[in-house]
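1. quick one, what's the 3D model for this:
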Amino acid sequence: MKDVSKRVCALVVSLMPVLCFAAVDPTAPLGYRAPAFVQTQTAIRLPQLDAILCMSEQHCSAVLDGESVRQGQIVKGFAVSAISKNRVLLKRGNKRWSLTIFNEQVVQ
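-> Below is the predicted model of the structure:
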């Protein structure tokens, strides 16, 4: 009988910490709810257009982040869809970006 009571007592003592944890923080302000887990998305960094080199209207290449590329190549996950003397068109998934050498919103 003593052996059984010791085991029951040991079981109760071992379960005490589990029973003492509160489901709600008693020190939190009234009406406080912990923020839901929000998954953050990393921002996509576009390659920087350094230069456009054209031998003729059909044969242009561009320098993106210091790397020479031609139409159809992939640069850091972006497909180079077109290169003209003024701009480079990039595509990633179903989104498109247009990179120009000079800012088109220059105020004179």
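2. distance of L89 from S81?
-> 5 Å (CB to CB, to the nearest Å). Where you see a C-beta, it was placed from the backbone N, CA and C, and this is true even at glycine.
3. ok, the closest residue to P47 other than its chain neighbours - contacts?
-> Nearest residue to P47 in three dimensions, chain neighbours excluded: L64, at 4.0 Å (CB to CB, 6 or more residues apart in numbering). Taking CB atoms under 8 Å, 6 or more residues apart in numbering, we find L64 in contact with P47, Q48, L49, D50, V75, V80, V88, L99.
4. picking up where we left off before, shared neighbours of L89 and S81, which are they?
-> The contact sets of L89 and S81 overlap at R96 (CB under 8 Å, 6+ apart).
5. where do the strands sit along the protein?
-> For the chain, strands defined by DSSP state E occupy the ranges 49-54, 60-64, 67-69, 74-75, 78-83, 87-92, 95-100.
6. let me have the ones you listed in TSV, extended by distance to L30 and mean pLDDT.
-> Shown next, in TSV, are those (distance: least, CB to CB, whole Å; pLDDT from 0 to 100):
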stretch	distance to L30	mean pLDDT
strand 49-54	55	90
strand 60-64	55	92
strand 67-69	57	93
strand 74-75	54	92
strand 78-83	50	94
strand 87-92	47	93
strand 95-100	45	92
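7. dump those to a markdown table, plus distance to K6.
-> A markdown table is the format used below for the strands of the chain (distance: least, CB to CB, whole Å):
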| stretch | distance to K6 |
| --- | --- |
| strand 49-54 | 78 |
| strand 60-64 | 75 |
| strand 67-69 | 74 |
| strand 74-75 | 70 |
| strand 78-83 | 70 |
| strand 87-92 | 68 |
| strand 95-100 | 69 |
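8. closest one to Y32 among these?
-> Y32 lies closest to strand 95-100 among those, at 39.0 Å (CB to CB).
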